[in-house]
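> quick one: sequence and predicted model below, then my questions.
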Amino acid sequence: MKPELTPEEKVSKLEKTLAKTRQELKIARATTNGLQIKAKGAFDRSITEEHAAFLVKYYYKVQDYRIAAGHMLSRAVEPNEFICTVLEASEAIEEQVRFQLGGFALTDPVGLWLNDIFGIGPVLSSGILAHVSIDRCPAPSSLWRYAGYDPTTKKEKGKKLPWNDDLKVVCWKIGQSFMKFSTNPKCFYGRLYRERKEWEVERNNSGANAEYAAMTLRQSNFEKDNITRKALQSGRLSDAHVDARARRWVVKIFLSHVWEVMWMNAHPGERVPRPYIFEHMGHVHKIEPPGVDILAYQKLAEVNRAKK
């Protein structure tokens, strides 16, 4: 249990909180007659993929900070009217950014498909659209690698990351969303996550991960009473590790579907290339992407682009 902060420490924390929100307040004031008016019904059609990438990253930074600041205040001091205004300004910026990203996503056929997926909203949809293209990723496996979901790629000191770190964050959040909504029958990928986790748990309990657990134990340093270490010593992975495996698996399925829908959009009416594992490695059970009517999405995207 952490020791209670002294009055001086509470004030110091509060001052740091307010200092970091000055820029947010500046932006909030600047947008009072701009984005707030647009939020009533007008999308900014000048938003590009580069703009969307910035806005998605900014959105989560502001959201994380606002939540952290709220927790900090609840433990430190009773917020006054000004502090409440600061936090409300941050929330208003989030709402405005989310609205504009929604407009960006709804003008793209793939974005329309993404928005129809339970658990994927305008921000996550825009995060995918901003970073992913079939030109950059000519196959699902290259998209997995670009998103940081290829276990053979490693971070090397002094070298550029072999994946897109911002896309990796977006994919992690997508996995969290599917986990959160996994009990909702409307969440297609949540159901896949739940089924995969049941499989992973059964496999782990049967001792199938014993070799990997032993290797992980040799390569890592754990505290003596660490829950993860105890699980590895017993020849199993920790519950958190098993859950992470299920989330990573379902995100890879989702990314392969994103790639398929992007290919359909670029080549309407043509047969989507079969993944390598089905063409050359004998795999037969393929999970199809849900609810794809690419021609309907293309027509709707064209209508949305024409709207002012």
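In hand now; what should we look at?
> run the chain-centre distance for the strand or helix carrying Asn204.
Using DSSP states H and E, Asn204 falls within helix 188-205. Relative to its chain's centre, helix 188-205 lies at 20 Å (C-alpha atoms, centre = their mean, to the nearest Å).
> domain parsing for this structure?
In the assignment given by automatic domain parsing, the structural domains of the chain cover 7-105, 109-306.
> returning to what we had before: what residues sit buried inside the helix holding Asn204?
Judged by neighbour count using 16 or more other C-beta atoms under 10 Å, the buried positions of helix 188-205 are Phe188, Tyr189, Gly190, Arg191, Leu192, Tyr193, Arg194, Arg196, Lys197, Glu200, Val201, Asn204. Yep, even glycine has a C-beta here, placed from its N, CA and C like the rest.
> now pLDDT too, for the residues you listed, in CSV please.
Below are the buried residues of helix 188-205 laid out as CSV (pLDDT from 0 to 100):
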residue, pLDDT
Phe188, 97
Tyr189, 97
Gly190, 98
Arg191, 97
Leu192, 97
Tyr193, 98
Arg194, 97
Arg196, 97
Lys197, 97
Glu200, 97
Val201, 97
Asn204, 97
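> for the protein, what helix or strand is lowest in average pLDDT?
In the chain, no helix or strand scores lower on mean pLDDT, DSSP states H and E than helix 35-38, which sits at a mean of 43.
> which of the domains of the chain has the lowest average pLDDT?
Among the domains of the chain, domain 7-105 has the lowest mean pLDDT, at a mean of 73.
> how many other residues sit next to Thr228?
As a burial measure, Thr228 scores 18 neighbours (other C-beta atoms under 10 Å).
> just list the residues touching it, thanks.
Taking C-beta atoms under 8 Å, 6 or more residues apart in numbering, we find Thr228 in contact with Phe222, Ser238, Ala240, His241.
> Trp144 is in contact with Leu167, correct?
No - contact criterion C-beta atoms under 8 Å: Leu167 and Trp144 do not qualify, at 10.9 Å.
> show me what counts as buried in the next helix or strand after the helix holding Asn204.
Reading on from helix 188-205 to the C-terminus, the next helix or strand found by DSSP H and E is helix 210-219. Neighbour-count burial for helix 210-219, counted by 16+ other C-beta under 10 Å, picks out Ala213, Thr216, Leu217.
> okay, now the closest residue to the last one other than its chain neighbours: neighbour count?
The reference is to Leu217. Once flanking residues are discounted, Leu217 sits nearest to Leu232: 4.3 Å by C-beta to C-beta, 6 or more residues apart in numbering. By other C-beta under 10 Å, 24 other residues sit near Leu232.
> repeat that for the one 5 residues further on.
Leu237 is flanked by 24 other residues according to other C-beta under 10 Å.
> can you check Lys252 too?
Neighbours of Lys252 under the rule other C-beta under 10 Å: 19.
> distance from the chain centre to the helix or strand hosting it, please.
In the assignment (DSSP H and E), Lys252 maps to helix 239-266. Helix 239-266 sits 11 Å away from the centroid of its parent chain (C-alpha atoms, centre = their mean).
> how big is the angle separating that helix from helix 210-219?
Counting by axes from the mean of the first three to the mean of the last three C-alpha atoms, to 10 degrees, helix 239-266 lies at 110 degrees to helix 210-219.
> for stretch 221-236, buried residues please.
Thr228, Arg229, Ala231, Leu232, Gly235, Arg236.
> what comes into contact with the helix or strand where Arg305 lies?
Arg305 belongs to helix 294-306 when assigned by DSSP H and E. Helix 294-306 has contacts (C-beta under 8 Å, 6+ apart) with 45, 106-113, 261, 264-265, 268.
> next, give me the two most distant ones among those residues.
Arg45 and Met264 (24.5 Å; C-beta to C-beta).
> look at these two and report which has more neighbours.
Neighbour tally, Arg45 and Met264, criterion other C-beta under 10 Å: the higher count belongs to Met264, 23 against 13.
> wait, that one touches Val258, no?
No - applying C-beta under 8 Å as the test, Met264 and Val258 come out as separate, 10.9 Å apart.
> what's the most distant pair in the buried residues of helix 188-205?
Spatially, the most separated pair among those is Phe188 and Asn204, at 24.8 Å (C-beta to C-beta).
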